[in-house]
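S.K.: got a sequence here, can you build the structure:
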Amino acid sequence: MAQLSIVTAPDPRLKVRSAPVERVDAALRRFMDDMLETMYAAPGIGLSAVQVGVPRRVIVIDVAGEGEPPQPLRIVNPEIRRRGDQLVTYEEGCLSLPEQYADVSRPGSVVIGYIDENNQPRELEAEGLLATCIQHEMDHLEGILFVDHLSAVKRSIILRKLIKARKGKALKSA
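M.R.: This is a model prediction of the structure:
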């Protein structure tokens, strides 16, 4: 397995709509394992393929709590089939927007259809943090970042902080 480079905002690659996957094969399984290794090392609880520069409809998630055994999900071509009526708000962050957080409201439960790592169709009912994480990662597949759910002012503040941090890193490494 290998760690991949995470694309950070405001990189335009994060705004691209991801293409469907035709079939899960050994190469895609290795890629999903690399995505999981990258996500765990970051550390994070979800990662989409577009965040590592590959605009394909692939996400990995693991919302296991500290001290719990890993519960990785490898999800290909996810589709939301049902959304719950009740909204929940979580403070969201994103590996592509390092050290930036904001409250985002989303449906508290979802049912998704997807293809698993063995190329089998699956359905998953999720609620709470898992539902939020799935929706966050699926947004990435559409070129949507969590800051796109915020007011223009809040989004602008966060993006300016990221640009400033990137310039600071560039100066330090020069």
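S.K.: which elements pack onto the longest helix along the chain?
M.R.: In the chain, assigned by DSSP state H, the helix with the most residues is helix 152-173. Other helices and strands packing on helix 152-173, by 3 or more C-beta pairs under 8 Å, 6 or more residues apart in numbering; DSSP states H and E, are strand 97-107. Every residue, glycine included, has its C-beta placed from N, CA and C.
S.K.: okay, the angle between the strand it packs on and helix 152-173?
M.R.: Per axes from the mean of the first three to the mean of the last three C-alpha atoms, to 10 degrees, the angle that strand 97-107 makes with helix 152-173 is 160 degrees.
S.K.: can you pull the buried residues of whichever helix or strand comes after strand 97-107?
M.R.: Using DSSP states H and E, the helix or strand that follows strand 97-107 towards the C-terminus is strand 109-115. Buried residues in strand 109-115, counted by 16 or more other C-beta atoms under 10 Å: 109-112, 114-115.
S.K.: where does the residue sitting nearest the centre point of the chain land in three-state SS?
M.R.: Computing the C-alpha centroid of the chain and ranking residues by C-alpha atoms, centre = their mean puts Glu137 first, at 3.2 Å. In three-state terms, and counting by DSSP: H, G, I helix; E, B strand; the rest coil, Glu137 is helix.
S.K.: check Met39 too.
M.R.: Per three-state DSSP, Met39 ends up helix.
S.K.: measure it to Leu28 for me?
M.R.: To Leu28, Met39 is 16 Å away according to C-beta to C-beta, to the nearest Å.
S.K.: so between those two, which is more surrounded?
M.R.: Met39 (25 against 20; other C-beta atoms under 10 Å).
S.K.: in this structure that one contacts Ala64, no?
M.R.: No. Using C-beta atoms under 8 Å, Met39 makes no contact with Ala64, being 12.0 Å away.
S.K.: buried set for stretch 27-43?
M.R.: 28, 31-40.
S.K.: can you tell me which of the residues you listed is closest to Leu130?
M.R.: Closest approach to Leu130 among the buried residues of stretch 27-43 (C-beta to C-beta): Met39, at 14.6 Å.
S.K.: can you tell me which of the buried residues of stretch 27-43 is nearest Gly46?
M.R.: Of all those, Met39 has the smallest distance to Gly46: 6.9 Å, by C-beta to C-beta.
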